[in-house]
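Asker: sequence unknown, structure follows:
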């Protein structure tokens, strides 16, 4: 079993299921920025990956890990999936999976 | 003295030029099959000029994690088969992500040689890569290669052989394994000492896997409950320190380590306006407005070339057999005094049956060439990108489109085109649904019903195609919600590879492999079944003895008797007579046979030709056999029921599993049966032909049941995948 606080599990569940950015963490409401909040051309740095299992591992294996800068290159014509530039190559993932990737804009 | 055999395992990311390198290494000395239990290609070959060196091609993978079948195959192969050396092909235009796999391979205690591929592209773009520096940092040989141009290929083999023959293999992983941060190293060392002597080899790798909680990697190792507890404590301690889970810690630290490895190794040339050539192409090809017109144009061209050119070649091959070979063999056999039944069996049964398969081959070759080019260029990935949203809604992948498009011509190449779909679940779904699209051979059936029964009503043919499309969508949604297909949503995490100029060699080879496997396997299925059906159609049991009959006596044939029995099955669908049942059965050989069989039964010379010319008056006898409703029901059933033997052969080949093949065939049958049943029985109520009875009640119940399957909520609803 993964060691996660109840709050964190809740965060992961919400991020995965409902795609909301307002996330409750240990009783506090906290604004969390995910890949979904970025506009085309914006760059941010990965803070954490929520969720678990195969999809999450796959995203990490492809180079979206803590501390890595990512840039949203474009959206597919129907708005989903999203094309992301990471480690100098183009990766496409669905919006629902983007919600797993918590990011931080560099100031 | 015979040199000791050496086994090289070829591993690398997808799109890193692995296939090209493998072909360059082995030339034509390859054996191709599937890995046991999965439809993932298994290729092995001996190195040109060095017969004792074999190369095993592993599936293209990004990681050795245990989540995809490809990764598991590669991992199990490397761990269980213990190749002598791993040749790791690395795309130099994407060094960091490619080296991620390398860092995992270096932990396996197998010598590794890195081939830095696409070096010519890097040089052309003005990028500078210091491969000597990379070599000393990685601790394993790094060779600059261009698989396409053959540069560095021989050196790769030479270094691999030297690696194996050198004695210095002590503590390989100790020298090359990635060093993590002090805290993680401490945790891994602690886990190592807990595991202790429970493992003899690959201790570091096992310890890292234990830290990641990779249960599949630890399956073969017996640990006591207290050992497991101790390991868990160590992991938790570290996780708290990092405020992250262990899997993320390792992945992030690997990438950090790679950052250090590649620091000062690459100097990328400044590009004009920061765009690569691929970016510029993508700007147009995946443009918000232009993406679909371009896509439709590409598809139209593909469809036009494959189908129009294909039909011509098909007629040509049919001609060779029908007008050339068959009369020739017939004359020859009759000249030798062979008995009539033997001549018939050989000419009609065997040559006719094999000809039916071979007539698809030229069309297939054309199609596979075009598909191979699209894949090699990198456009397939873009299609998936722009269509995923649409297809996801009914349980299919963005890549399912191609098989269905091709399926409008012929299901066989359509089903085979499903190969390009990586996810096993999506591929199965696509294989099951592709035969529902009306193929070229089903056109005469539609034409018969539209022209002869509905008096040439314009709407019947478009309706048939529309129903085909609708059936795919409905069936996709129903299947998506079943137990077999629900569960993990297949991840759509896909690399959009840089566009390449297609290589003639790669396209030719993939075309050859695909075409040949079709000829070989589908050929055996159709050959056998045509022989059996020929016997059933041409023999009758008269007065207790088996005798051969003429075409006119087809009503007495065993096949007709079988048709009469099957008639009971089809009666609730409105076509219980032996004629329609028999036609449906012969449709299994090829869908055109449905019409040909009617022609034989109703003594109409060249029924197929008459329908193709639109002279529907000539086939009035067939039409009189049906009411409009029963004809429509007959058409529906024949559109959606299990396809011809050739397509079933393709299903078997692509599913690579008896269970899934039978599921697909059974599913198609049940789907078609229920659909026709509902349409006919409920239709009866409206056309005034029938009163409400048990069957109409059953039809309404089935309709309600189908609607429930269609609209019910998926049982596991955690993942929102639409």
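Answerer: Yep, it's here. Just so it is clear, the model here is predicted, and its values are computed rather than measured.

Asker: The spatially most central residue of chain B: what secondary structure?
Answerer: Nearest to the mean C-alpha position of chain B, by Cα atoms, centre = their mean, lies residue B:419 at 2.3 Å. Look at residue B:419: counting by DSSP: H, G, I helix; E, B strand; the rest coil, its state is helix.

Asker: who touches the residue nearest to it when sequence neighbours are not counted in this structure?
Answerer: In space, and not counting its chain neighbours, residue B:419 is closest to residue B:654: 6.8 Å by Cβ to Cβ, 6 or more residues apart in numbering or on different chains. Bear in mind the C-beta positions are built from the backbone N, C-alpha and C, glycine included. By Cβ atoms under 8 Å, 6 or more residues apart in numbering or on different chains, residue B:654 lies in contact with B:39, B:415, B:416, B:418, B:419, B:427, B:431.

Asker: at 10 Å what do you get?
Answerer: B:39, B:403, B:415-419, B:427-428, B:430-431, B:434, B:517, B:660-661, B:664 (Cβ atoms under 10 Å, 6 or more residues apart in numbering or on different chains).

Asker: Tell me the one among those nearest to chain A.
Answerer: residue B:427 (16.7 Å; Cβ to the nearest Cβ).

Asker: hey, where'd the helices end up in chain A?
Answerer: Shown for chain A, the helices assigned by DSSP state H span residues A:6-17, A:54-61, A:95-98.

Asker: Show me what the last one is packed against.
Answerer: Yep, that's helix A:95-98 we're talking about. Where contact means 3 or more Cβ pairs under 10 Å, 6 or more residues apart in numbering or on different chains; DSSP states H and E, helix A:95-98 is packed against helix A:6-17, helix A:54-61, strand A:69-75, strand A:82-86.

Asker: And the contacts of the third one?
Answerer: Right, the one you point to is strand A:69-75. A:35-46, A:63-64, A:81-87, A:90-92, A:95, A:98, A:101, A:103, A:106, B:279, B:282-283, B:286-288, B:385, B:389, B:496.

Asker: let's see it at 8 Å
Answerer: A:35, A:38-46, A:64, A:81-86, A:90, A:101, A:103, A:106, B:282, B:286.

Asker: I'd say residue B:405 and residue B:298 touch.
Answerer: No: Residue B:405 is not in contact with residue B:298 according to Cβ atoms under 8 Å; the separation is 10.6 Å.

Asker: Compare these two (neighbour count), which wins?
Answerer: A direct count of neighbours by other Cβ atoms under 10 Å in any protein chain shown for residue B:405 and residue B:298 places residue B:405 higher, at 19 against 16.

Asker: helix/strand/coil for the more buried one?
Answerer: Criterion first, three-state DSSP; result for residue B:405: helix.

Asker: from the contacts of residue B:654, which ones fall inside helices?
Answerer: If you go by DSSP H, those have B:403, B:415, B:416, B:417, B:427, B:428, B:430, B:431, B:517, B:660, B:661, B:664 in helices.

Asker: Now render those residues as JSON lines, adding neighbour count, pLDDT and distance to chain A.
Answerer: As requested, those are exported to JSON lines (neighbours: other Cβ atoms under 10 Å in any protein chain shown; pLDDT from 0 to 100; distance: Cβ to the nearest Cβ, whole Å):
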{"residue": "B:403", "neighbour count": "26", "pLDDT": "82", "distance to chain A": "20"}
{"residue": "B:415", "neighbour count": "31", "pLDDT": "87", "distance to chain A": "26"}
{"residue": "B:416", "neighbour count": "28", "pLDDT": "79", "distance to chain A": "25"}
{"residue": "B:417", "neighbour count": "27", "pLDDT": "77", "distance to chain A": "21"}
{"residue": "B:427", "neighbour count": "22", "pLDDT": "85", "distance to chain A": "17"}
{"residue": "B:428", "neighbour count": "23", "pLDDT": "89", "distance to chain A": "17"}
{"residue": "B:430", "neighbour count": "31", "pLDDT": "90", "distance to chain A": "19"}
{"residue": "B:431", "neighbour count": "28", "pLDDT": "92", "distance to chain A": "22"}
{"residue": "B:517", "neighbour count": "17", "pLDDT": "66", "distance to chain A": "30"}
{"residue": "B:660", "neighbour count": "19", "pLDDT": "92", "distance to chain A": "21"}
{"residue": "B:661", "neighbour count": "18", "pLDDT": "93", "distance to chain A": "26"}
{"residue": "B:664", "neighbour count": "25", "pLDDT": "94", "distance to chain A": "25"}
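
Asker: neighbours around the closest residue to residue B:341 other than its chain neighbours, how many?
Answerer: Counting by Cβ to Cβ, 6+ apart, residue B:341 lies nearest to residue B:548, which is 4.7 Å off, once chain neighbours are set aside. Residues near residue B:548, counting by other Cβ under 10 Å, number 15.

Asker: I'd assumed residue B:536 was in contact with residue B:548.
Answerer: No: contact criterion Cβ under 8 Å: residue B:548 and residue B:536 do not qualify, at 11.8 Å.

Asker: Please report phi then psi for the residue of chain B most remote from its centre.
Answerer: Most distant from the centre of chain B: residue B:543, at 50.2 Å, with distances by Cα atoms, centre = their mean. Backbone torsions for residue B:543, taken as degrees, to the nearest 10, come to phi 50, psi 40.

Asker: What score does it have for pLDDT?
Answerer: In this prediction, residue B:543 carries a pLDDT score of 80.

Asker: Would you mind measuring from it to residue B:557?
Answerer: 15 Å (Cβ to Cβ, to the nearest Å).

Asker: in the stretch 501-650 of chain B, what residue is nearest chain A?
Answerer: For the stretch 501-650 of chain B, Cβ to the nearest Cβ, closest residue to chain A: residue B:501, 18.4 Å.

Asker: burial count for residue B:323?
Answerer: Count around residue B:323 with other Cβ under 10 Å applied: 10.

Asker: ditto for residue B:423
Answerer: Considering only other Cβ under 10 Å, residue B:423 is surrounded by 18 other residues.

Asker: Quick check, it in contact with residue B:397.
Answerer: Yes: Residue B:423 lies in contact with residue B:397 (Cβ under 8 Å); the separation is 6.4 Å.

Asker: can you list the ones in helices among the contacts of residue B:654 in JSON lines and add distance to residue B:17?
Answerer: JSON lines is the format used below for these (distance: Cβ to Cβ, whole Å):
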{"residue": "B:403", "distance to residue B:17": "26"}
{"residue": "B:415", "distance to residue B:17": "28"}
{"residue": "B:416", "distance to residue B:17": "24"}
{"residue": "B:417", "distance to residue B:17": "23"}
{"residue": "B:427", "distance to residue B:17": "24"}
{"residue": "B:428", "distance to residue B:17": "29"}
{"residue": "B:430", "distance to residue B:17": "27"}
{"residue": "B:431", "distance to residue B:17": "29"}
{"residue": "B:517", "distance to residue B:17": "23"}
{"residue": "B:660", "distance to residue B:17": "32"}
{"residue": "B:661", "distance to residue B:17": "34"}
{"residue": "B:664", "distance to residue B:17": "35"}
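
Asker: What is the nearest of the residues you listed to residue B:81?
Answerer: Distances from residue B:81 to the ones in helices among the contacts of residue B:654, taken as Cβ to Cβ, are shortest for residue B:517 (24.3 Å).

Asker: pull the helix or strand with minimum mean pLDDT from chain A.
Answerer: strand A:22-25 (a mean of 47; mean pLDDT, DSSP states H and E).
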